[in-house]
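S.K.: my questions are about this predicted structure, shown below with the sequence.
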Amino acid sequence: ETGVTQTPRHLVMGMTNKKSLKCEQHLGHNAMYWYKQSAKKPLELMFVYNFKEQTENNSVPSRFSPECPNSSHLFLHLHTLQPEDSALYLCASSQGTGLYTFGSGTRLTVV
Amino acid sequence: AQSVTQPDIHITVSEGASLELRCNYSYGATPYLFWYVQSPGQGLQLLLKYFSGDTLVQGIKGFEAEFKRSQSSFNLRKPSVHWSDAAEYFCAVGELSGGSNYKLTFGKGTLLTVNP
């Protein structure tokens, strides 16, 4: 167990569906992140939250909507996705040092 | 903006052989540098980091990396590779974000295959 838990591990959704990814950490970290990992591309930073406040949105399409109700939980709400959004979505947390703890990711397939 | 280049997409070595994975970065200030490893179906795990001081840093699992400012490089090395080292390796550079946290920019990764 890495300390950062992501659910579900796998998700298949249609382009008209609405689903949510969940990330939870109990490491006492103040920052949480969403990254997208696609084949043959670098990890792409999507969102950064620091003490529940969004500090970075890396030009992510509005069909991805993050939510951070507290420092321990982070969600990524998905709606009307495209097939090219299929990827591994990784959540991470840190305590301000760049030393990230990653979850195992959610493998998303959009059909 | 910072960037990271890992020139080798895939490397194959024999078990027991030495390993060097290359990483070059572009960053205006003194960089915070990291190496992470990812096993199949898993998230990324931190191997080692460089913040300041000694340019040769030691990490977990017998890995080390050397920061060379003149070459903008942070290459990862291991003297003797084990079959369990087969994984994908990511180099990253950190930049302050939101005033008090570091956001990481990653390279594309190098896939390591270990032959018996």
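M.R.: Nice, thanks for sending it over.

S.K.: mind listing what's buried along stretch A:23-31?
M.R.: A:23-25, A:29-31 (16 or more other CB atoms under 10 Å in any protein chain shown). Quick note: C-beta positions are derived from backbone N, CA and C, even for glycine.

S.K.: hang on, I meant stretch B:23-30
M.R.: By neighbour count on 16+ other CB under 10 Å, the buried set for stretch B:23-30 is B:23-25, B:27.

S.K.: interface residues of chain A facing chain B?
M.R.: A:2, A:4, A:6, A:30-31, A:33, A:40-43, A:45, A:48, A:50, A:53, A:55-56, A:90, A:92, A:94, A:96-105 (CB under 8 Å from any CB of the partner chain).

S.K.: apply 6 Å and report the result again.
M.R.: A:31, A:42-43, A:45, A:48, A:50, A:55-56, A:90, A:96, A:98, A:102-105 (CB under 6 Å from any CB of the partner chain).

S.K.: in helices only, show me those.
M.R.: Assignment to helices by DSSP state H places none of the residues of chain A next to chain B there.

S.K.: farthest pair within those residues?
M.R.: A:T55 and A:S104 (24.5 Å; CB to CB).

S.K.: what about those two, which has more around it?
M.R.: A:S104 (20 against 16; other CB atoms under 10 Å in any protein chain shown).

S.K.: what are the neighbouring residues in contact with the more buried one?
M.R.: A:6, B:42-43 (CB atoms under 6 Å, 6 or more residues apart in numbering or on different chains).

S.K.: got the buried residues for the lowest-mean-pLDDT helix or strand in chain A?
M.R.: Using mean pLDDT, DSSP states H and E, strand A:53-57 stands out as the lowest-scoring helix or strand of chain A, at a mean of 88. In terms of neighbour count (16+ other CB under 10 Å), strand A:53-57 has its buried residues at A:55-56.

S.K.: may I have stretch A:101-111 exported as PDB, CA atoms only?
M.R.: Extracted in PDB, the C-alpha atoms of stretch A:101-111 (Å, rounded to 0.1, in the frame of the first residue of the first chain):
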ATOM      1  CA  THR A 101       3.700   9.700  -3.300                       C
ATOM      2  CA  PHE A 102       1.700   8.300  -6.200                       C
ATOM      3  CA  GLY A 103      -1.300   6.100  -6.300                       C
ATOM      4  CA  SER A 104      -1.500   3.000  -8.500                       C
ATOM      5  CA  GLY A 105      -3.700   4.900 -11.000                       C
ATOM      6  CA  THR A 106      -7.100   4.400 -12.700                       C
ATOM      7  CA  ARG A 107      -6.900   2.800 -16.100                       C
ATOM      8  CA  LEU A 108      -9.700   4.600 -18.100                       C
ATOM      9  CA  THR A 109     -11.000   3.400 -21.400                       C
ATOM     10  CA  VAL A 110     -13.500   5.600 -23.300                       C
ATOM     11  CA  VAL A 111     -15.600   3.700 -25.800                       C
END
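
S.K.: only the buried residues of that stretch, if you could.
M.R.: By 16+ other CB under 10 Å, the buried positions in stretch A:101-111 come out as A:101-108, A:110.

S.K.: which one of those residues is nearest chain B?
M.R.: A:F102 (3.3 Å; CB to the nearest CB).

S.K.: measure the residue lying closest to that closest one once chain neighbours are set aside to A:Y33 for me?
M.R.: Nearest residue to A:F102 in three dimensions, chain neighbours excluded: B:G43, at 3.3 Å (CB to CB, 6 or more residues apart in numbering or on different chains). Remark: distance between B:G43 and A:Y33 (CB to CB, to the nearest Å) = 12 Å.
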